[in-house]
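# A predicted structure for the sequence below; I have some questions about it.
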Amino acid sequence: MVKRALDAGRSKRGYLLILIVVILVGVPFLLVTNGGRRIKRFHPPPPPGDILWMADQETGNLDQWTDGQFGDAVFNTGTGEIAISHDVAHSGSASLKMTITDASGTTQAARILRWHDNPVEGYYSVWLDFPRNYQPAAWWNVFQFKSLSAESDPTWVLNIGNRTDGSMFFYLWDAITRTSYAPLNHLNVKPNRWTQVTAYLRRATDNSGRITIWQDGVLLFNVEHVQTALADNVHWGIGNYTDDISPSDPVIYADDAEIRDVKRPDDRPGSRIQR
């Protein structure tokens, strides 16, 4: 628990780095690098603004996830289960525990979604802890955006894959055009420590959308001029969702989730939680 607290402190500094970098939106551009190699000019999205919603799990139940929205937040498939756990926590004493079993050729999913908050532009953030190294056969959906048109379909998905040495890493999947994106920086997802994922998404049913994702404050993906929604809504969720993985009973812990609006030039200083 002490080790994880230290890891959380280091990762939290990474999140502050995102805020500092993005707030510098007035500079002409930032350079994205990969191993010291200059790749392209990176124009930061608008900086994060007010907190629209948050969940720290300290209530001991899932009420924070349904606060202000009508209907359920948990959508499980097969053996999927989501519960409050005191095994580990990023802050406080509680976290979400998302479990599946028998994910060996059959689809299993533990999913929790926040669909009430629907900014045109927003930031979506969560801390994830993987207790051990896992090896998905093809895909492992742990962070996703969905959009409700005729049905609620995935639009953009953050998956876990494995490198040749077995290390886990994030890759991005555009479910609309069925396109996969490799990360801009070589970062592993280390087991038994907290990792923060922060995504900026501009909702668009045409090709004016954008999605930008950081891992512990380091830029992983920046995809612009793309469709990000199927209608004028976005549902954000995290989960433990796959059809084939080893071992077949993966566990993911999640904590300190939040959704933020973007900061506008005429916004007054200071954040507030909007209910």
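Structure received.

# excluding chain neighbours, what is closest to Phe70?
Distances taken as C-beta to C-beta, 6 or more residues apart in numbering place His116 nearest to Phe70, at 7.9 Å, with adjacent residues excluded. For the C-beta atoms, the positions are set from N, CA and C on the backbone; glycine is no exception.

# surely the one you found meets Trp65?
No - counting by C-beta atoms under 8 Å, His116 stays clear of Trp65, with 9.9 Å between them.

# for Asp87, give me its contacts.
Listed by C-beta atoms under 8 Å, 6 or more residues apart in numbering, the contact set of Asp87 reads Ser95, Lys97, Tyr253.

# out of those, who's the most crowded?
Greatest neighbour count in the contacts of Asp87, by other C-beta atoms under 10 Å, goes to Ser95: 26 neighbours.

# out of the contacts of Asp87, who's nearest Phe42?
Proximity of those to Phe42 (C-beta to C-beta) peaks at Tyr253, which lies at 31.0 Å.

# pretty sure that closest one contacts Val142?
No - with contacts counted by C-beta under 8 Å, Tyr253 stays clear of Val142, the gap being 11.3 Å.

# now do the shared contacts for those two.
Jointly contacting Tyr253 and Val142 under the rule C-beta under 8 Å, 6+ apart are Leu128.

# helix, strand or coil for the residue nearest to Phe70?
The three-state label given to His116 by DSSP: H, G, I helix; E, B strand; the rest coil is coil.

# helices - which of the contacts of Asp87 land there?
Within the contacts of Asp87, no residue falls in helices by DSSP state H.

# the closest residue to Asp249 other than its chain neighbours: neighbour count?
Leaving aside its sequence neighbours, Asp249 sits nearest to Thr101 (C-beta to C-beta, 6+ apart; 4.4 Å). Thr101 has 15 neighbours, counted by other C-beta under 10 Å.

# quick one: low-confidence residue ranges for the stretch 1-150 of the chain.
Low-confidence segments of the stretch 1-150 of the chain, defined by pLDDT under 70: 1-40, 150.

# which residues in it form helices?
Counting by DSSP state H, counting those that start in this stretch, the stretch 1-150 of the chain has helices at residues 2-23, 63-66.

# how about residues contacting the shortest one?
In other words, helix 63-66. Contacting residues not belonging to helix 63-66 are listed as Met54, Ala55, Asp56, Gln57, Asp72, Ala73, Val74, Ile112, Arg114 [C-beta under 8 Å, 6+ apart].

# and which of the residues you listed is nearest Asp129?
Nearest to Asp129 among the contacts of helix 63-66 is Gln57, at 12.5 Å by C-beta to C-beta.

# what's the nearest residue to Ser93 once chain neighbours are set aside in contact with, if anything?
Excluding the flanking residues, the one nearest Ser93 by C-beta to C-beta, 6+ apart is His86, at 5.7 Å. By C-beta under 8 Å, 6+ apart, His86 lies in contact with Ser93, Ala94, Ser95.

# which residue is the nearest non-sequential neighbour of the last one?
When the adjacent residues along the chain are set aside, Ser95 lies closest to Asp255, with 4.0 Å between them (C-beta to C-beta, 6+ apart).

# pretty sure that neighbour contacts Ile84?
No - between Asp255 and Ile84 there is no contact under C-beta under 8 Å: 10.5 Å.

# measure Ile84 to Ser147 for me?
Distance of Ile84 to Ser147, given as C-beta to C-beta, to the nearest Å: 28 Å.

# rewinding a little: mutual contacts of Asp255 and Ile84, please.
Here Asp255 and Ile84 share the contacting residues Gln57, Ala94, Ser95, Leu96, scored by C-beta under 8 Å, 6+ apart.

# burial count for the nearest residue to the first one once chain neighbours are set aside?
When you say that, I think you mean Gln57. Nearest residue to Gln57 in three dimensions, chain neighbours excluded: Ala94, at 4.2 Å (C-beta to C-beta, 6+ apart). If you count neighbours by other C-beta under 10 Å, Ala94 ends up with 20.

# understood, closing this out.
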